[in-house]
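K.L.:
Only the shape, not the letters, is given here:
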């Protein structure tokens with residue numbers, strides 16, 4: 001039997017009790033005021049029935065029926081027991097009042113359900129407001145922490161590498177004092193070094209006199225445990241050793257070589273003091289990347305020789321950057337991507353090539369490869385994974401849609417990209433220039449190029 005929901009909800013025990021007390025009180029008051037007609041059946045207005053109506057409004061139809069039943073039962077009991085001493089209750093009188101109580105009870109039940117729903121909804125909203133307030137508070141704390149980090153590290157990785165690339169000068173004589181000062185100032189700002197120094201490498205090994213300093217570093221002591229360990233291993237060393245132990249008898253936090261791709265060390269970085277929160281694994285990895293990028297930038301001419309010999313038309317900055325980034329990916333796992341854009345012979349070919357050349361980002365290097373029919377661009381995206389490539393292609397797609405009203409495929413642009421996973425970057429370049437069929441990521445192709 002499908003009973004309406006509001007009829008399934010019964011009054012609570014204390015509500016039953018309040019109904020009984022109110023009804024008995026109403027009958028007792030009427031009997032005290034009108035002993036000859038305690039049920040007020042002869043009265044112009046049946047005031048005694050206000051009790052069932054009020055109960056029905058407050059607690060629903062079942063409570064109203066109980067109150068009405070008590071009044072009718074009391075009248076029938078006294079009428080049978082005492083022989084009809086009070087005025088009789090007419091049928092229409094009883095049916096009309098019962099019908100009125102039923103209507104009032106129906107309204108009361110529905111209203112109670114509505115109030116219950118509102119209370120539950122308000123309770124839910126209070127919980128959500130409390131949760132949102134907590135989340136907002138945490139967001140505010142995170143924002144403050146980010147502001148502090150931004151104040152402590154005003155440079156982003158891309159800005160820092162752009163500045164580093166700007167003062168790298170190819171030299172066969174080694175690192176200069178000016179170059180060392182600029183490099184140390186840059187990484188000191190990025191990693192928040194307080195006391196640090198750069199030492200050149202001479203014929204006798206590391207030189208005690210620093211090329212550049214931050215703060216007031218102590219004189220170099222070659223017998224320092226961390227310095228001795230770094231020189232012996234020719235590797236990146238810091239106070240937490242590979243086995244998890246700590247060196248507590250050293251003057252330094254970090255001793256790291258600036259090592260070229262061929263293994264030649266051109267200088268040493270010694271850090272005595274730095275911001276404590278910056279001494280973590282990710283920063284140490286990025287410091288390795290900066291040192292490798294810097295050391296290869298000094299001798300970038302040797303790095304790009306193989307690419308230039310095989311591809312004389314390749315721009316020298318492109319070849320140097322490709323060689324440096326290949327080394328960083330091979331040694332440190334810092335991904336970079338090489339994207340090839342092949343343009344079919346279409347009426348908008350030159351326009352598409354020109355627009356893409358003008359939208360290159362600060363660190364990106366682009367090599368334009370012309371042809372009789374098709375044209376190609378090799379775009380080098382430093383420190384980028386596949387998601388960055390997808391974002392780059394999405395920007396190209398929006399650019400072509402906005403300027404030419406065409407998708408990549410409609411404009412005759414075919415995309416292919418690879419990580420710098422080849423040990424010899426010239427092999428990757430040759431493979432990309434030789435291949436004619438595009439390889440596009442499934443996710444991007446699914447969105448429609």
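P.N.:
Received the coordinates, thanks. Computed from a predicted model, the values in this text were never measured in an experiment. Residues are numbered from 1 along each chain as shown.
K.L.:
When you work out contacts or count neighbours from here on, use the C-alpha atoms and nothing else.
P.N.:
Fine.
K.L.:
Just the element for residue 380, please.
P.N.:
Element membership for residue 380, per DSSP states H and E: strand 375-381.
K.L.:
Return the set of buried residues in whichever helix or strand comes after that strand.
P.N.:
Of the helices and strands lying after strand 375-381 in sequence (DSSP H and E), the nearest is helix 386-403. For helix 386-403, a neighbour-count test (16 or more other C-alpha atoms under 10 Å) marks 389, 393, 394, 396, 397, 399, 400 as buried.
K.L.:
Tell me, how many residues neighbour residue 295?
P.N.:
Residues lying near residue 295 (other C-alpha atoms under 10 Å) number 24.
K.L.:
Wait, a helix at it?
P.N.:
Yes: assessed with DSSP: H, G, I helix; E, B strand; the rest coil, residue 295 lies in a helix.
K.L.:
from the middle of its chain, how far away would the strand holding residue 380 be?
P.N.:
With C-alpha atoms, centre = their mean, to the nearest Å as the basis, strand 375-381 stands 31 Å off its chain's centre.
K.L.:
before we move on, the earlier item: and of the buried residues of helix 386-403, the nearest to residue 136?
P.N.:
Closest approach to residue 136 among the buried residues of helix 386-403 (C-alpha to C-alpha): residue 394, at 32.1 Å.
K.L.:
contacting residues around the closest one?
P.N.:
Applying C-alpha atoms under 8 Å, 6 or more residues apart in numbering to residue 394 gives no contacts.
K.L.:
on that earlier part again, with respect to residue 181, which of the buried residues of helix 386-403 is nearest?
P.N.:
Looking across the buried residues of helix 386-403 and measuring by C-alpha to C-alpha, the closest to residue 181 is residue 389, at 34.7 Å.
K.L.:
I'd say the closest one and residue 336 touch.
P.N.:
No: Residue 389 lies out of contact with residue 336 (C-alpha atoms under 8 Å); the separation is 9.6 Å.
K.L.:
Can you work out which residues contact both of these two?
P.N.:
Common neighbours of residue 389 and residue 336, counting by C-alpha under 8 Å, 6+ apart, are residue 381.
K.L.:
For residue 315, grab the count of nearby residues.
P.N.:
If you count neighbours by other C-alpha under 10 Å, residue 315 ends up with 16.
K.L.:
next one: the one 10 residues further on
P.N.:
Other residues within reach of residue 325 by the criterion other C-alpha under 10 Å amount to 25.
K.L.:
Residue 264 too?
P.N.:
13.
K.L.:
And residue 369, by the same measure?
P.N.:
15.
K.L.:
What mean pLDDT does the top helix by length along the chain get?
P.N.:
Taking DSSP state H as the criterion, the chain has its longest helix at helix 91-152. Averaged over helix 91-152, pLDDT sits at 80.
K.L.:
tell me what that helix is packed against?
P.N.:
Contacts defined by 3 or more C-alpha pairs under 8 Å, 6 or more residues apart in numbering; DSSP states H and E place helix 91-152 against helix 5-8, helix 50-59, helix 61-82.
K.L.:
For these, which has the smallest mean pLDDT value?
P.N.:
The bottom spot among the helices and strands packed on helix 91-152, by mean pLDDT, belongs to helix 5-8, with a mean of 50.
K.L.:
Now do stretch 309-316: everything it contacts.
P.N.:
Residues contacting stretch 309-316 (C-alpha under 8 Å, 6+ apart): 304, 307, 308, 367, 426.
K.L.:
Ignoring the adjacent residues along the chain, who's closest to the last one?
P.N.:
Read that as residue 426. Sequence neighbours aside, residue 307 is the residue nearest to residue 426 in space, at 5.1 Å (criterion: C-alpha to C-alpha, 6 or more residues apart in numbering).
K.L.:
so that neighbour is in which element?
P.N.:
Element membership of residue 307 [criterion: DSSP H and E] is helix 305-310.
K.L.:
just to revisit the earlier point, quick one: buried residues of the strand holding residue 380?
P.N.:
By neighbour count on 16+ other C-alpha under 10 Å, the buried set for strand 375-381 is 375, 376, 377, 378, 379, 380, 381.
K.L.:
Stretch 210-220 now?
P.N.:
So stretch 210-220, judged by 16+ other C-alpha under 10 Å, has buried residues 210, 211, 212, 213, 214, 217, 220.
K.L.:
So what's the gap between that stretch and the chain middle?
P.N.:
On C-alpha atoms, centre = their mean, the centre of stretch 210-220 falls 40 Å from the chain's centre.
K.L.:
Stretch 283-293 too?
P.N.:
25 Å.
K.L.:
How about stretch 240-257?
P.N.:
For stretch 240-257, the distance to the chain centre is 34 Å (C-alpha atoms, centre = their mean).
K.L.:
Quick check: closest non-adjacent residue to residue 265.
P.N.:
Here the residue nearest residue 265, using C-alpha to C-alpha, 6+ apart, is residue 259, at 4.3 Å.
K.L.:
Tell me where the stretch 151-300 of the chain is predicted with low confidence.
P.N.:
Counting by pLDDT under 70, the ranges of the stretch 151-300 of the chain that qualify are 151-158, 166-174, 241-245, 299-300.
K.L.:
May I have the beta-bridge partners of the residue nearest to residue 185 when sequence neighbours are not counted?
P.N.:
Once flanking residues are discounted, residue 185 sits nearest to residue 214: 7.5 Å by C-alpha to C-alpha, 6+ apart. Following DSSP bridges, residue 214 is listed with bridge partners residue 196.
K.L.:
Residue 214 touches residue 195, doesn't it?
P.N.:
Yes: with contact defined as C-alpha under 8 Å, residue 214 reaches residue 195; the gap is 5.1 Å.
K.L.:
ranges for the helices of the stretch 301-449 of the chain?
P.N.:
305-310, 316-332, 349-358, 386-403, 425-434, 442-447 (DSSP state H, counting those that start in this stretch).
K.L.:
Against residue 143, how distant is residue 160?
P.N.:
Distance of residue 160 to residue 143, computed by C-alpha to C-alpha, to the nearest Å: 23 Å.
K.L.:
Which one's more surrounded, these two?
P.N.:
The residue with more neighbours, out of residue 160 and residue 143, is residue 160; 17 against 12, by other C-alpha under 10 Å.
K.L.:
which SS state does the more buried one fall under?
P.N.:
Looking at residue 160 with three-state DSSP, the answer is helix.
K.L.:
same thing with residue 272?
P.N.:
Under three-state DSSP, residue 272 comes out as strand.
K.L.:
Skipping its backbone neighbours, what lies nearest it in space?
P.N.:
The shortest distance from residue 272 to any residue other than its chain neighbours is 4.3 Å, reached at residue 252 (C-alpha to C-alpha, 6+ apart).
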